[in-house]
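Novice: return a 3D structure for these sequence lines:
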Amino acid sequence: MTRPMIIGLTGSIGMGKSTVAAMFAEAGIPVFDADAEVRAMQGPGGELLPAIEAAFPGSTGPGGVDRDRLGHQVFADKAALARLEAIVHPAVAARRAAFLAAHADKRAVVFDIPLLFERGGHETVDTIVVVSAPEPVQRARVLARPGMTEQKFAHIFGLQLHDSHKRARADHVIDTGTSLEETRAQVTAFIAAL
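Specialist: From the prediction side, this is the model:
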């Protein structure tokens with residue numbers, strides 16, 4: 001059985017990974033967005049709500065997971081975060097397998113996975129694309145997000161492999177510290193080289 005080439009797309013917070021993923025999708029390459037899948041499974045009526053509520057009482061409601069309440073229960077608690085990941089990761093893996101089966105006839109697909117290296121996902125893809133921008137650009141983008149604080153940014157930054165390490169392990173780097181047109185040109189050139 002043949003399968004498409006799996007492009008692992010990753011990048012630290014604020015690097016423009018979602019923008020680049022959208023460019024791949026616009027070019028006709030199906031994108032599996034791990035974060036979007038998690039949001040759907042944790043949203044209203046989401047399949048993970050009962051397990052998350054059982055493990056973290058008071059963290060869910062009619063609107064799904066209350067991210068602030070859940071965040072307070074897992075923020076800076078590695079054991080709690082591991083319990084949450086043990087609920088979420090197998091469900092995401094099942095959805096990813098279904099996505100791959102549904103697109104088995106495509107020449108390539110993108111797995112958009114923020115923590116590709118941190119969680120060992122790099123071993124399951126054929127080529128790795130890292131989205132990167134200079135650190136001042138990253139910081140400005142992240143701190144401009146609603147509800148973001150220096151403390152939250154520092155915590156997230158600390159959980160992620162440093163950008164320089166990701167770039168060193170990448171098969172290809174897309175620089176998003178440029179204009180959208182220049183970024184799009186990089187994506188187009190990468191796709192053409194496939």
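
Novice: which element follows the helix or strand of the chain with the lowest mean pLDDT toward the C-terminus?
Specialist: One helix or strand of the chain scores below all others by mean pLDDT, DSSP states H and E: helix 150-159, with a mean of 84. Per DSSP states H and E, the first helix or strand lying C-terminal to helix 150-159 is helix 163-169.

Novice: which elements pack onto that following helix?
Specialist: strand 127-132 (3 or more CB pairs under 8 Å, 6 or more residues apart in numbering; DSSP states H and E). Where C-beta positions appear, they are placed from N, C-alpha and C, glycine not excepted.

Novice: and the strand it packs on, which strands flank it?
Specialist: Strand 127-132 pairs in its sheet with strand 5-10 (parallel), strand 172-175 (parallel), by DSSP bridges.

Novice: where does pLDDT dip in the chain?
Specialist: The chain contains residues with pLDDT under 70 at 1.

Novice: all strands for it, in order.
Specialist: Assigned by DSSP state E, the strands in the chain fall at 5-10, 31-33, 60-61, 64-65, 108-112, 127-132, 172-175.

Novice: next, format these as JSON lines and append mean neighbour count and distance to Leu161.
Specialist: Shown next, in JSON lines, are those (neighbours: other CB atoms under 10 Å; distance: least, CB to CB, whole Å):
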{"stretch": "strand 5-10", "mean neighbour count": "22", "distance to Leu161": "9"}
{"stretch": "strand 31-33", "mean neighbour count": "22", "distance to Leu161": "20"}
{"stretch": "strand 60-61", "mean neighbour count": "17", "distance to Leu161": "30"}
{"stretch": "strand 64-65", "mean neighbour count": "22", "distance to Leu161": "26"}
{"stretch": "strand 108-112", "mean neighbour count": "23", "distance to Leu161": "16"}
{"stretch": "strand 127-132", "mean neighbour count": "23", "distance to Leu161": "10"}
{"stretch": "strand 172-175", "mean neighbour count": "19", "distance to Leu161": "14"}
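
Novice: done for today, thanks.
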